[in-house]
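K.L.:
output the structure for:
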Amino acid sequence: MIAVIRTLAHENQRRIGDGERADNLAPAALAAADRAFDQLRGGLRTYTT
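P.N.:
Predicted coordinates:
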């Protein structure tokens, strides 16, 4: 889970460093976080049953 958070944060920092505005980046960043945590949740499901 920490790797997912770090990867998302790194991508956001990279895009902001490339000149994108955080308020313009927010919708895509939120969508990426949703996808990443959905995938993580799905992958961990087998360990919780």
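K.L.:
burial of Phe37, as a residue count?
P.N.:
Counted with other Cβ atoms under 10 Å, residues neighbouring Phe37 total 14. Every C-beta, even on glycine, is put in place using the N, C-alpha and C of the backbone.
K.L.:
what about the residue sitting nearest the centre point of the chain, distance to Leu8?
P.N.:
Residue closest to the mean C-alpha point of the chain, counted by Cα atoms, centre = their mean, is Ala33 at 3.2 Å. Distance of Ala33 to Leu8, given as Cβ to Cβ, to the nearest Å: 6 Å.
K.L.:
where do the helices sit along this protein?
P.N.:
Listed in chain order, the helices of the chain (DSSP state H) span 2-17, 22-48.
K.L.:
from Asn12, how far off is the residue nearest to the centre of the chain?
P.N.:
Following Cβ to Cβ, the distance that separates Ala33 from Asn12 is 9 Å.
K.L.:
export the helices of the chain to JSON lines and tack on mean pLDDT?
P.N.:
Output for these, formatted as JSON lines (pLDDT from 0 to 100):
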{"stretch": "helix 2-17", "mean pLDDT": "96"}
{"stretch": "helix 22-48", "mean pLDDT": "89"}
